[in-house]
Structure formats: C-alpha cells, structure tokens
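Student: Below: sequence and its predicted model.
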Amino acid sequence: MTGPDDSDPGVGASAPDLLIGTPERESAQEALEEHLVAKRLDPADYEQRVEASKLARTQSELLRLFADLPAPHPLLPTAAAPAAEADDETPPPIFLAGCLMLALGLPVAVVLGFAYGIWWALVVPVVVTVAIAYIEHLRTAGRKPVSDDSSEGA
C-alpha cells in the first residue's frame, strides 16, 4: 500500500491526526464490503483490511487502507473549530420585540392615561415585555451548558 501523503489530500502532515471510534471503523468496513462486492478486493485482501480497520486508532491509519481504492471511502469527521456563539454578540429578535413594545406601548399608554383617564393601560406594555423576556429565558435556559459544581466538594 502507499503512504498517507501519496494520494489522499485529506491526510497530510499539517492536519492533526484525529482519533477514530466505532462509527468510523464501521463506515470503513462498509466501504470495504462495497469494494469486495465490486471485485476490487479478493476475499483474503478484504479480511486483512477489515482486521486492520478494527485495529486502526487514527484517521491516517484508516485512510491508508483506502489509498489504492477509488470511492467509496469511510466517512470521517473533520477537525473543524467550534462555531463562535453569535448569541452573545447580537440580541435575539424577542429582545427587539420587547424593546419595541416598551418604546411604542408606553407612550401610547401615557396618552390614553391623560386623554381618557385609563392609567391602568401603562401596565399592559410592561407586563407583556416582562412575559416575553421570561419566556425567552425559559426557552434558552435548556441550551446553555450548566457548570458542574459537584466536583468542588470532592
């Protein structure tokens, strides 16, 4: 077989050699089965490569098994950096709706209070804004990671 830098651009010296797990090994074995069915591999070579895939620990070890074979190859995860959270920088749309409710609702309520004496109208935009904020808090509380404080006492 050839080395990792010979034919596969996904395996290079600059890329980190990521560890693999059971899903990647199973994907490799499925791809090897397809090559066996297509008569690209004889049964002995197939068995040898399946055993090597079971022992592989890194992506480069797994990809070496496919260096001389056309597609299909195993599906492997990439080492992509986690996406930056834009939620911290830009306010959610519900926040903008709450601000709009206060900016427009309070002046209207004050005008209604002066013109018709219904001062209770001031409560409506405030209550609606607080309700919107609380609903948004409940909706996003499940998505944020909770710190594990149980290890402090140990």
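Tutor: Happy to help now that I have it.
Student: Going along the chain, name the helices of the protein.
Tutor: For the chain, helices defined by DSSP state H occupy the ranges 4-7, 22-37, 43-55, 59-64, 93-116, 123-141.
Student: Quickly, which of those helices bottoms out on average pLDDT?
Tutor: The weakest mean pLDDT among the helices of the chain belongs to helix 4-7, with a mean of 43.
Student: Using JSON lines, lay out the helices of the chain together with distance to residue 72 and mean neighbour count.
Tutor: To be clear about C-beta, it is placed using only N, CA and C from the backbone, and glycine gets the same treatment. As requested, these are exported to JSON lines (distance: least, CB to CB, whole Å; neighbours: other CB atoms under 10 Å):
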{"stretch": "helix 4-7", "distance to residue 72": "15", "mean neighbour count": "14"}
{"stretch": "helix 22-37", "distance to residue 72": "5", "mean neighbour count": "16"}
{"stretch": "helix 43-55", "distance to residue 72": "14", "mean neighbour count": "14"}
{"stretch": "helix 59-64", "distance to residue 72": "13", "mean neighbour count": "20"}
{"stretch": "helix 93-116", "distance to residue 72": "42", "mean neighbour count": "13"}
{"stretch": "helix 123-141", "distance to residue 72": "40", "mean neighbour count": "13"}
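Student: which one of those lies closest to residue 74?
Tutor: Within these, the stretch nearest residue 74 is helix 22-37; the backing value is 3.8 Å (CB to CB).
Student: who's in contact with that closest one?
Tutor: With contacts defined as CB atoms under 8 Å, 6 or more residues apart in numbering, helix 22-37 is touched by 41, 43, 46, 49-50, 53-54, 56, 59, 62, 65-66, 69, 72-77.
Student: How about residue 53, nearest residue that isn't a chain neighbour?
Tutor: residue 28 (4.4 Å; CB to CB, 6 or more residues apart in numbering).
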